[in-house]
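Enquirer: Build the 3D model from these lines:
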Amino acid sequence: MDILDESKTVCRVTGGFTPSYAYPGDAGADLCAATDSVIPARGKMLVSTGIRLALPENHVGLIWPRSGMAVKHGIDCGAGVIDSQYRGEVKVLLFNHSDGEHFIKQGDRIAQILIQKVETVEFLPVDNLDDTNRSGNGFGSSG
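Expert: Numbering: from 1, shown residues only. Next up, the predicted model:
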């Protein structure tokens with residue numbers, strides 16, 4: 001039987017390589033590939049991690065790229081929201097922005113998952129919104 005530190009939030013995991021933090025205090029836990037894969041040049045691939053999670057209620061898992069893969073190999077990821085009620089396999093959508101194939105071996109760290117507490121809000125339709133200093137100024141508006 002597992003011994004749990006009751007002062008910590010627990011996420012139950014089955015299958016694959018259990019996500020792990022590289023250093024104490026890290027925001028993201030590394031996700032590993034369950035199988036060997038090849039991401040084509042300028043292409044994308046859904047890569048299996050083999051894991052299934054039981055996230056705590058009112059939490060979400062956000063999939064983010066590993067900075068080293070992005071900088072060294074041009075590998076990015078997308079479509080990364082894992083809801084707390086989802087129990088299927090976690091897969092990672094990887095994009096290869098380079099001109100060469102990118103080889104992934106079973107056990108390679110391919111992305112990271114950030115577990116965050118979320119609050120559900122009620123959306124209230126209104127005719128107008130309050131003015132702010134930023135107002136409707138969008139991309140590039142802060143300098």
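
Enquirer: if I look at the residue nearest the centre of the chain, how far off is Gly78?
Expert: Residue closest to the mean C-alpha point of the chain, counted by C-alpha atoms, centre = their mean, is Ile63 at 0.6 Å. For Ile63, the distance to Gly78 equals 8 Å [C-beta to C-beta, to the nearest Å]. C-beta: built from backbone N, CA, C; applies to glycine.

Enquirer: again, but for Lys8
Expert: The separation that Lys8 has from Gly78, given C-beta to C-beta, amounts to 29 Å.

Enquirer: ditto for Pro40
Expert: Pro40 sits 16 Å away from Gly78, taking C-beta to C-beta as the criterion.

Enquirer: Likewise for Ala34?
Expert: With C-beta to C-beta as the criterion, Ala34 and Gly78 are 19 Å apart.

Enquirer: can you map out the helices along this structure?
Expert: Secondary structure of the chain by DSSP state H: the helices cover 67-73.

Enquirer: can you name the farthest residue from the center of it?
Expert: Of all residues in the chain, Asp127 has its C-alpha farthest from the mean position, at 35.6 Å, by C-alpha atoms, centre = their mean.

Enquirer: So, low pLDDT: which residues of this structure?
Expert: Under the criterion of pLDDT under 70, the regions of the chain flagged as low confidence span 1-6.
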